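*Asks:* From the sequence below, what's the structure:
(one chain, ligands or ions: 2)
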Amino acid sequence: MNLKLYNTLNRKLEEFRPQNPENVKIYTCGPTVYARAHIGNLCSYVYWDLLVAVLKLNGLRPNRILNFTDVGHLTSDGDTGEDKLEKGAKRENKSVWEVAEHYEELFMGDYNSLLLDMPAKICKATDYIEADKQMIDVLTGKGYTYETDDGIYFDTSKFEKYADFARLDLDHLRAGARVGFNDEKRNVSDFALWKFIQPGEDHAMRWEYRGREGYPGWHIECSVISHEELGEPLDIHCGGIDHIPVHHTNEIAQTEAAYGVKMCNYWLHCNFITIDGQKVSKSLGNTYSLNDLLERGFLPLDFKMWVLQGHYQGERNFSFEDLAAAKARRRNWQNKIALCLQREEGALNMEFCEGLLARLNDNLNSAEAFALIDNSELSLDDWRMIEKVFKLGLFDFRQPTDGQLEKIQLRNEARRNKDFVMADRLRDELLGDGFSLLDTGDGSFWQLS
Ligand code: AMP
Ligand code: ZN
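*Replies:* Ligands and ions are numbered 1, 2, ... in the order given. You can find the predicted model right below:
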């Protein structure tokens with residue numbers, strides 16, 4: 001396999017070796033469905049869709065699962081704060097179930113408008129509550145848990161490799177534990193597998209377990225869903241870099257302690273984007289959704305173009321100027337396709353195809369792949385292949401009607417007859433219809449203006 005991926009497990013670029021080429025098991029951590037996804041969230045789904053496309057280009061059959069976190073994700077990753085779903089329900093005066101359903105629908109709308117392939121299965125955390133309890137029972141049977149008044153915790157001191165994945169400095173963490181740290185925990189890095197609802201606590205989603213009402217901690221769902229749906233070891237597990245020190249570290253601890261197997265062979269993490277040099281945050285008012293972009297005249301696919309023209313591990317800054325440049329680049333590609341359509345040029349350029357694959361196989365370097373596309377002479381078949389891989393809606397543009405094509409002919413005739421007044425008038429009319437004209441040595445061609 002020529003595909004190389006950066007594996008967080010070893011902090012190295014490694015050749016990708018699937019266990020079974022016919023069933024490449026991929027688990028992608030999905031959204032917490034309590035608010036509309038912002039453009040930072042959406043980046044990750046674009047990158048992992050590219051991963052799937054590149055695996056397919058290499059002749060593999062990806063089997064990818066995505067989860068929806070519809071319970072148990074607290075506002076702080078350190079087991080404190082409110083449950084995000086409950087918070088959303090209060091904010092919107094809806095039930096938690098309605099909130100989850102509403103944002104699941106919005107997420108799928110965003111997902112589809114970015115032309116991303118559907119995962120093999122989307123799993124809701126609330127459909128796996130019984131399986132959560134079973135896994136917690138297994139962990140308890142093996143001595144990895146302890147119970148307090150407020151929940152059931154994973155004792156990280158019992159899992160020797162706990163600090164390895166994120167290269168955590170546990171002494172430093174201990175020293176840095178501040179006031180407000182959940183003092184029910186034995187060790188600062190311990191985390192809740194299950195939370196008990198306290199008397200008077202307003203928590204609508206609740207299940208009975210060990211004689212009390214409660215709900216699962218955030219991390220358990222990913223260990224449980226990946227175990228139930230795919231089985232260990234997974235080939236690839238993906239998420240954002242924020243998942244390395246807590247969420248994925250805890251997933252590994254749970255799964256490997258419970259089942260005594262390696263959880264996953266390759267871990268991929270995408271970097272966070274900043275917006276105008278600042279982190280994405282509600283207080284800065286920059287949590288743009290695809291709708292906000294639309295209101296400023298940008299299509300979801302213009303945004304996808306912006307995402308893919310960078311590298312998933314790069315430190316990237318989003319700005320509307322750069323989005324406008326990405327939009328222009330997409331339009332430029334569409335105009336190259338329009339020229340190919342008019343010239344009826346076909347046939348794949350094998351050298352280009354190999355070059356494109358080589359760049360994508362170099363740790364999904366879509367930025368370099370895009371540069372190659374810009375700098376190559378491409379045929380219609382090449383563009384079809386590009387569209388198949390990146391799904392940018394490149395062929396989705398309006399072509400001139402018969403009437404407009406006639407106008408182009410008349411304008412060209414007028415130009416040949418040196419009737420420039422007529423030629424200019426027709427050209428302006430066409431411009432009003434959204435088409436410009438490109439005059440070259442081998443004829444005049446329409447372009448999207
Ligand atoms: P959440 O819905 O909060 O669980 O987040 C969904 C995904 O978005 C996670 O994989 C995060 O790593 C990712 N994410 C959140 N903020 C950003 C950002 N600014 N840039 C890139 N990814 C982000
Ligand atoms: Zn997860």
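*Asks:* Show me what residue of the stretch 301-449 of the chain gets nearest to ligand 2.
*Replies:* Nearest residue of the stretch 301-449 of the chain to ligand 2: Tyr312, at 17.2 Å (C-beta to the ion). (Each C-beta comes from the backbone N, C-alpha and C, glycine too.)
*Asks:* Also the stretch 201-350 of the chain?
*Replies:* Cys222 (3.2 Å).
*Asks:* That residue: neighbour count?
*Replies:* 29 (other C-beta atoms under 10 Å).
*Asks:* And it, which helix or strand is it part of?
*Replies:* Secondary structure from DSSP states H and E places Cys222 in helix 220-229.
*Asks:* So which residues make contact with that helix?
*Replies:* With contacts defined as C-beta atoms under 8 Å, 6 or more residues apart in numbering, helix 220-229 is touched by 27, 29, 65, 67, 69, 72, 121, 123, 125, 128, 131-132, 135-136, 193-194, 232, 234, 237, 247, 251, 254-255, 258-259, 263-264.
*Asks:* Show me the subset of those that also lies near ligand 1.
*Replies:* Residues of these in contact with ligand 1 (C-beta under 6 Å from any ligand atom): Cys29.
*Asks:* Show me what secondary structure element comes after the helix ranked longest in the chain.
*Replies:* The longest helix of the chain (DSSP state H) is helix 320-343. Per DSSP H and E, the first helix or strand lying C-terminal to helix 320-343 is helix 350-361.
*Asks:* I'd like the next helix or strand past that following helix.
*Replies:* Counting by DSSP H and E, the next helix or strand C-terminal to helix 350-361 is helix 366-374.
*Asks:* Check which residues of that next one are buried.
*Replies:* Neighbour-count burial for helix 366-374 flags 366, 368-370, 372-373 (criterion: 16 or more other C-beta atoms under 10 Å).
*Asks:* Quick one: end-to-end distance for stretch 15-35.
*Replies:* Start and end residues of stretch 15-35 are separated by 37 Å (C-alpha to C-alpha, to the nearest Å).
*Asks:* scratch that, stretch 172-192 is what I was asking about
*Replies:* Separation of the first and last residues of stretch 172-192 by C-alpha to C-alpha is 21 Å.
*Asks:* Same check on stretch 395-405?
*Replies:* 19 Å.
*Asks:* Close to ligand 1: what parts of this structure are there?
*Replies:* Applying C-beta under 6 Å from any ligand atom, we find that the chain lies next to ligand 1 at 29, 31-32, 40-41, 43-44, 239-240, 242-243, 272-273, 280.
*Asks:* What's the per-residue pLDDT of the closest residue to ligand 1 within the chain here?
*Replies:* Scanning the chain for the residue nearest ligand 1 gives Gly240, at 1.9 Å (criterion: C-beta to the nearest ligand atom). Gly240 carries a pLDDT value of 96.
*Asks:* swap in the one 5 residues further on?
*Replies:* According to the per-residue confidence, Pro245 scores 94 in pLDDT.
*Asks:* That one reaches Leu168, doesn't it?
*Replies:* Yes. Here Pro245 lies in contact with Leu168, judged by C-beta atoms under 8 Å, at a distance of 6.4 Å.
*Asks:* Helices of the stretch 1-150 of the chain, start to end?
*Replies:* Under the criterion DSSP state H, counting those that start in this stretch, helices of the stretch 1-150 of the chain are mapped to 39-57, 84-92, 96-113, 129-141.
*Asks:* Format the ones you listed as TSV; extra columns: mean neighbour count.
*Replies:* Formatted as TSV, the helices of the stretch 1-150 of the chain follow (neighbours: other C-beta atoms under 10 Å):
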stretch	mean neighbour count
helix 39-57	22
helix 84-92	19
helix 96-113	18
helix 129-141	18
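*Asks:* Where among those is average confidence lowest?
*Replies:* Lowest mean pLDDT of these: helix 84-92, a mean of 91.
*Asks:* Helix 96-113 and that one, what's the angle between them?
*Replies:* Put simply, helix 84-92 runs at 100 degrees to helix 96-113, going by axes from the mean of the first three to the mean of the last three C-alpha atoms, to 10 degrees.
*Asks:* Would you mind naming what in the protein lies close to ligand 2?
*Replies:* 29, 222 (C-beta under 5 Å from the ion).
*Asks:* domains for the chain, by residue range?
*Replies:* Recorded structural domains for the chain (assignment: automatic domain parsing) are 4-270, 278-390, 402-448.
*Asks:* Using TSV, lay out those together with distance to Asp396.
*Replies:* TSV is the format used below for those (distance: least, C-beta to C-beta, whole Å):
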stretch	distance to Asp396
domain 4-270	9
domain 278-390	8
domain 402-448	11
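*Asks:* Deepest-packed of those domains, please.
*Replies:* Mean neighbour count (mean count of other C-beta atoms under 10 Å) peaks for domain 4-270 among the domains of the chain, with a mean of 19.
*Asks:* Let's see the distance spanning that one from one end to the other.
*Replies:* Distance across domain 4-270, first residue to last, is 15 Å (C-alpha to C-alpha).
*Asks:* how far is it from where the chain is centred?
*Replies:* Offset of domain 4-270 from its chain centre (C-alpha atoms, centre = their mean, to the nearest Å): 15 Å.
*Asks:* Kindly report the same for stretch 416-436.
*Replies:* Taking C-alpha atoms, centre = their mean, one finds stretch 416-436 lying 45 Å from the centre of the chain it belongs to.
*Asks:* where does this structure have its least confident helix or strand?
*Replies:* Every helix and strand of the chain was ranked by mean pLDDT, DSSP states H and E. The lowest is helix 170-176, at a mean of 74.
*Asks:* what sits up against it?
*Replies:* In contact with helix 170-176 (C-beta under 8 Å, 6+ apart) are residues 162-163, 187-189.
*Asks:* Understood, closing this out.
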